[in-house]
Structures are given as structure tokens and as C-alpha cells.
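A.B. asks: Got a predicted structure plus its sequence, pasted below:
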Amino acid sequence: MSDFNDVLTPPPAPAGTPGAEERQWAMFAHLSALAGGLVTSAIGGWGFFLGPLIIWLVKKDTMPFVADQAKEALNFNITVSAIFVVLLILTVLSLGIGALLTVPVMLIVGLGALVLIIIAAVKANNGEAYRYPFTLRLVK
């Protein structure tokens, strides 16, 4: 049971006040999820996690605040993508009848994700470490 709690418990924020460049990169880490979804929209929009992943890989050794926020954005977008995959599978398994339930849930989850990403970007730009709710923290 402790392993599951480790996945759900957010890590502590990095110490220190981030500089302007670091805050800007952290904001980009959150907003890049939206850009990734737009760029890959022709193939289903599954690129939400690509932007945060790239920023995390590039900046993780040089900017601790950016690494923390990019990792948080990455974990959140992996969680949202997993929710969409489960809903898609339910739709297919129900031969499309489940779409009466899954499509509204997808819209609610998508709208909620959009709002949370914008909130996270604003907080990161203000130098505050944001923790998404309901996020599986798979990347540590």
C-alpha cells in the first residue's frame, strides 16, 4: 500500500527562489503540453506529454525549478492521456454505445486539464511550485 501512496504523494518543491529565466522555462513546461496537443492533433492529439518531456530532459541538470515543474507537467499529462485511453477502450468495448457516457467525461476531463494547465503556468511564472491534483507521479 505504501507504494501506491508514493505514486500519489507530490514531492516537495525545490528550495530557493527561481530567477526570471527559470520561471519562464517552468511556465513553458506547462504550456508546452497544449502546444504538443495542437501539433499532434492530426494524429489524435496524443503529444501532450512531449513538450514537458523535452523541457525536463534538456533542463533537468541546470535548472531545478524547471525540472520540478516539467516533471509535474509530464506526470499530469501522462495521467490525463491514460484517462483518455481508458475511456476510448470503454467506448470500443461497448461497441460505441458507451460513447454516450465517455464523450461527456472526455470533454469534462479535457476542460479540467486545460484550466489546470493554465493555472499551473501562471503559478510557475510567479515562481510558485504548482502541484496538479489527481496526478499519478510516475516520473520521479
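C.D. replies: Ah, there it is.
A.B. asks: any idea how far residue 69 is from residue 21?
C.D. replies: 13 Å (C-beta to C-beta, to the nearest Å). Yep, even glycine has a C-beta here, placed from its N, CA and C like the rest.
A.B. asks: Who has more neighbours out of those two?
C.D. replies: Neighbours per residue (other C-beta atoms under 10 Å) separate residue 69 from residue 21, with residue 69 holding more: 34 against 10.
A.B. asks: For the helix or strand where the more buried one lies, what does the pLDDT average out to?
C.D. replies: Assigned by DSSP states H and E, residue 69 belongs to helix 64-93. Across helix 64-93, pLDDT averages out at 94.
A.B. asks: Tell me the buried residues in the next helix-or-strand element following it?
C.D. replies: Next in sequence after helix 64-93, counting helices and strands by DSSP H and E, comes helix 99-125. Going by neighbour count (16 or more other C-beta atoms under 10 Å), the buried part of helix 99-125 is 99, 102, 106, 109, 113, 116, 117, 120, 121, 123, 124, 125.
A.B. asks: helices and strands around helix 99-125, which ones?
C.D. replies: helix 20-39, helix 64-93 (3 or more C-beta pairs under 8 Å, 6 or more residues apart in numbering; DSSP states H and E).
A.B. asks: The longest one vs helix 20-39, what angle?
C.D. replies: Going back to what we said before, that points to helix 64-93. 20 degrees (axes from the mean of the first three to the mean of the last three C-alpha atoms, to 10 degrees).
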